[in-house]
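Novice: Just need the structure, nothing else, for what follows:
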Amino acid sequence: MTERVDFYILKSATPKQRWTFACRLTEKAYLRDLKVVLLGDTPAEIEAIDALLWTFSERSFVPHDVHRGRPAVAAAAGPAAQTATAAGSAAAVQLTQDLDSVGSADLLVNMSMRLPARLDRFARVAEIIDADDERRRLGRERFKVYRELKVAVETHQLDDAAGA
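Specialist: Numbering: from 1, shown residues only. Predicted structure coming up:
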């Protein structure tokens, strides 16, 4: 059951600011031994976050796996992919566009513009909202849904240089 949703509201509308904040938040959770799933909208967004997890800080290392699709898609790729999918991922941080391709986690970092399915698999959710008008509008809609679901919601207004 999802215990809490935190909305992190950024003043910037640049995707890189949103992605960098997601990396900092993910690193903080990883260092606390939490399992994390980052949900993105597009392959390009997942690739950008994947690259940033290696480079956003000179002092950090956040081991992670990228899941590019549903397990059935990976299984069609061959025996090695079937074995990796069946065994699950060893990394505590998972990046995906499709929550069906990953298991449950302590924290879901929602970088997508949609309400995540099957919220009960995540103890906490972090919604990162930048200043883009459409992202703000969709974020407000998700905020209302979380409230209707009786999930505790916290909002954090951040400046452009905010860390997690």
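
Novice: how about the closest residue to A92 other than its chain neighbours, what does it touch?
Specialist: Nearest-residue entry for A92: K35, 5.2 Å, with adjacent residues in sequence omitted and distances by Cβ to Cβ, 6 or more residues apart in numbering. C-beta here means a position set from N, CA and C on the backbone, and glycine is covered the same way. Applying Cβ atoms under 8 Å, 6 or more residues apart in numbering to K35 gives the contacts A92, V93, Q94, S104, A105, D106, L107.

Novice: Any of those buried? List them.
Specialist: A92, V93, Q94, A105, L107 (16 or more other Cβ atoms under 10 Å).

Novice: Test my guess that the fourth one contacts V36.
Specialist: Yes - at 5.8 Å, A105 counts as touching V36 under the criterion of Cβ atoms under 8 Å.

Novice: hang on, the earlier thing: okay, the residue nearest to A92: pLDDT?
Specialist: In this model, K35 is scored at 97, pLDDT.

Novice: quick one: it and S104, what's the gap?
Specialist: 8 Å (Cβ to Cβ, to the nearest Å).

Novice: what distance separates the start and the end of stretch 125-135?
Specialist: 17 Å (Cα to Cα, to the nearest Å).

Novice: can you check stretch 48-65 too?
Specialist: For stretch 48-65, the end-to-end distance is 13 Å (Cα to Cα).

Novice: Counting neighbours, what do you get for D100?
Specialist: Neighbourhood size, D100 [other Cβ atoms under 10 Å]: 12.

Novice: In three-state terms, label it for me.
Specialist: helix (DSSP: H, G, I helix; E, B strand; the rest coil).

Novice: Need the overlap of contacts for A105 and V36.
Specialist: When Cβ under 8 Å, 6+ apart defines a contact, the residues bordering A105 and V36 alike are Q94.

Novice: Low-confidence ranges, the chain, go.
Specialist: 69-90, 160-164 (pLDDT under 70).

Novice: So which residue is smack in the middle of it?
Specialist: With distances taken as Cα atoms, centre = their mean, the residue of the chain nearest its centroid is L38 (2.1 Å).

Novice: Can you verify my assumption that that residue contacts L95?
Specialist: Yes - the pair formed by L38 and L95 meets the contact definition of Cβ under 8 Å, at 4.8 Å.
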